[in-house]
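Visitor: My questions are about this predicted structure, shown below with the sequence.
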Amino acid sequence: MKALLSVDMVRAPMTGIGRYVYELAQRLPHVAAVEQVYYYDWADGFMSPRALRSRAMTNQPTSATRRLTRARYYAHRMAAGVARRIGLPTPAFRRARLPSRENLVCHGPAFALPPGTGPRVVTIADLSVLTHPEFHPGLRVKMILRDIKASIRQADRLITFSEFTRNELIDQMGVDPTRVHAVPLASDTAFMPRSADAVAPILARYGLTWGGYCLSVGTIEPRKRIDSMLDAFERLAPALKNRFPLVLIGDRGWLSDAAHRRINALAHQGQVRYLGYLPQEELPLVYSGAAACLYTSTYEGFGLPAVEAMASGAPLVTMRAASLPEVCGNGAILVTPGDIDAFSEAITRVLTDNSCATRLAQRGRAIAMQYGWERTTRETVSVYQQALGL
């Protein structure tokens, strides 16, 4: 078979979906059943593997550049949506030479239908724009919900990252169960337990010590419930807060000003550190040095930071919500959303009970090893084959 993969989301800073697309792009050419892979960007047309790698490895952009990148992306998404609705290809697609259509499957990995008229596969990461529209700007809700509805109507197969989202598509959107497949994400092999000596240089760069901090990774936005995390952390005993400050890693997201004001106030007290967006090569080292990882998102289609934490051997405390119980199993302490006292008690337990922390780390590592990008790629190709009728 041949595969056409839309790669719009492979742009710095790389979020979960961008990482997913990039990992697929790197591995699909090495699958025996795949003869050729074409990378397509709605704005730039067909890209070479080298050009895609170059874009993925771009150094951390400035805040202004990130805003321009997002604006450019959404502008092209809007233009592409109009083109699809009236049956016209985008200008970039018209300029490019369409590859052979024989045994060609087109994959849109981020909600939207890919170009082309043959068999099409679309990945729907979650239904938060439908179930929790308050988590997103209004324009994003309209665009993504429009894309989801079009994909349900026209795609031959749909992919989700969890059975939770698969069931939501079936129950809330009326999708035929035979058309939708759950294919889990994975953490990179760089996420692994490491010794104090192995991570000391990177941690020193950020003023951290191995086993001396709690860690939270994720965009600062309403969906991640940073306010709940800060509430729980503030209820810790003063000695614990001083010994294990909370380190936050993630880009500034939508409606994050209030959260950042609170973060800054706690930072002045020495209890919280905000490091912003870290380069991908440094992130596994910071994970592995954490005494505990905290993840308070109440709605995730998978929850990649949770799996990265478990793969790194860091004890995880997260929410009993959405896909997280399915993804984490018994590899994390699961707390009911909104129960701040229980969340604070779980953090305290991990930080003060070495046997509990060790058990969590071991179970979490075992669960994380069940996921892998090779598995993700293999199961994705199986969906391609079904779309093609092979």
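Guide: Sure thing, it's come through.
Visitor: Report the residue ranges of every domain in the chain.
Guide: With domains defined by automatic domain parsing, the chain comprises 2-185+372-388, 196-368.
Visitor: Quickly, which of the ones you listed bottoms out on average pLDDT?
Guide: Of all the domains of the chain, the minimum mean pLDDT falls on domain 2-185+372-388 (a mean of 86).
Visitor: Show the contacting residues for K224.
Guide: Neighbouring residues of K224 by CB atoms under 8 Å, 6 or more residues apart in numbering: G218, G250, G253, T296, S297. Where you see a C-beta, it was placed from the backbone N, CA and C, and this is true even at glycine.
Visitor: ok, so what distance separates the fourth one from S128?
Guide: So that's T296. Distance of T296 to S128, given as CB to CB, to the nearest Å: 15 Å.
Visitor: so which of the domains of the chain is the most packed in?
Guide: domain 196-368 (a mean of 19; mean count of other CB atoms under 10 Å).
Visitor: could you pull out the strands for the stretch 201-350 of the chain?
Guide: 214-217, 246-249, 272-276, 292-295, 316-319, 333-335 (DSSP state E, counting those that start in this stretch).
Visitor: Can you give me every residue that contacts E281?
Guide: By CB under 8 Å, 6+ apart, E281 lies in contact with A190.
Visitor: so how far is the helix or strand where T380 lies from its chain's centroid?
Guide: T380 belongs to helix 373-388 when assigned by DSSP states H and E. Counting by CA atoms, centre = their mean, to the nearest Å, helix 373-388 is centred 19 Å from the centre of its parent chain.
Visitor: Now P325: closest residue in space that isn't a chain neighbour?
Guide: In space, and not counting its chain neighbours, P325 is closest to L334: 5.9 Å by CB to CB, 6 or more residues apart in numbering.
Visitor: who's the one you found bridged to?
Guide: In this entry, L334 is beta-bridged to T318, by DSSP bridges.
Visitor: I figured it hits R320, correct?
Guide: Yes - in this structure, L334 is within contact of R320 by CB atoms under 8 Å, at 4.0 Å.
Visitor: Tell me which residues touch C293, please.
Guide: The neighbours of C293, taking CB under 8 Å, 6+ apart as the test, are 214-217, 287, 305-306, 309, 312, 314-317.
Visitor: And for L185?
Guide: Applying CB under 8 Å, 6+ apart to L185 gives the contacts G16, Y20, F161, F302, L304, V307, Y371, T376.
Visitor: Kindly recompute the last result at 6 Å.
Guide: L185 is in contact with Y20, F161, F302, L304, counting by CB atoms under 6 Å, 6 or more residues apart in numbering.
Visitor: Quick check: phi and psi on it?
Guide: Dihedral pair for L185: phi -80, psi -170, per degrees, to the nearest 10.
Visitor: Quick check: T296 vs L266, distance?
Guide: Note on T296: its distance to L266, by CB to CB, is 15 Å.
Visitor: The stretch 101-250 of the chain: helices as residue ranges?
Guide: 128-131, 138-154, 163-173, 196-205, 226-234, 238-243 (DSSP state H, counting those that start in this stretch).
Visitor: would you list those in JSON lines and tack on distance to G270?
Guide: Compiled in JSON lines, the helices of the stretch 101-250 of the chain are given as follows (distance: least, CB to CB, whole Å):
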{"stretch": "helix 128-131", "distance to G270": "35"}
{"stretch": "helix 138-154", "distance to G270": "36"}
{"stretch": "helix 163-173", "distance to G270": "38"}
{"stretch": "helix 196-205", "distance to G270": "17"}
{"stretch": "helix 226-234", "distance to G270": "13"}
{"stretch": "helix 238-243", "distance to G270": "7"}
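Visitor: And those: which comes nearest L278?
Guide: With distances scored as CB to CB, the stretch of these nearest to L278 is helix 196-205 (9.3 Å).
Visitor: Which elements pack onto that closest one?
Guide: helix 283-288 (3 or more CB pairs under 6 Å, 6 or more residues apart in numbering; DSSP states H and E).
Visitor: Now do the one residue sitting closest to the centre of the chain against P305, distance only.
Guide: When CA atoms, centre = their mean is applied to the chain, the residue found nearest the centroid is G16 (2.2 Å). Using CB to CB, we find G16 at a distance of 8 Å from P305.
Visitor: what's the answer for R320, then?
Guide: 16 Å.
Visitor: Whichever strand or helix holds L351 versus helix 226-234: what angle between them?
Guide: Here L351, judged by DSSP H and E, is contained in helix 340-352. When axes from the mean of the first three to the mean of the last three CA atoms, to 10 degrees is applied, the directions of helix 340-352 and helix 226-234 differ by 60 degrees.
Visitor: ok, residues contacting helix 340-352?
Guide: Against helix 340-352 from outside (CB under 6 Å, 6+ apart): 231-232, 235, 240, 244, 291-292, 315, 317, 333, 335, 356-357.
Visitor: Repeat the analysis, applying 7 Å as the threshold.
Guide: Outside helix 340-352, the residues that touch it by CB atoms under 7 Å, 6 or more residues apart in numbering are 214, 228, 231-233, 235-236, 240, 244, 291-292, 294, 315, 317, 333, 335-336, 356-357, 360.
Visitor: Ok, stretch 155-168 next?
Guide: Contacts with stretch 155-168, where a contact means CB under 7 Å, 6+ apart, come from 113, 119-127, 151, 169, 175, 179-185, 301-302, 322-323, 326-327, 380, 383, 386-387.
Visitor: Nearest to I202 among the contacts of K224?
Guide: Among the contacts of K224, and counting by CB to CB, the member closest to I202 is G250, at 17.3 Å.
Visitor: ok, now which ones touch the closest one?
Guide: Per CB under 7 Å, 6+ apart, neighbours of G250: V217, G218, T219, I220, Y277.
Visitor: Against G301, how distant is the residue nearest to the fourth one when sequence neighbours are not counted?
Guide: Right, I220. Leaving aside its sequence neighbours, I220 sits nearest to S256 (CB to CB, 6+ apart; 4.2 Å). Counting by CB to CB, the separation of S256 from G301 is 21 Å.
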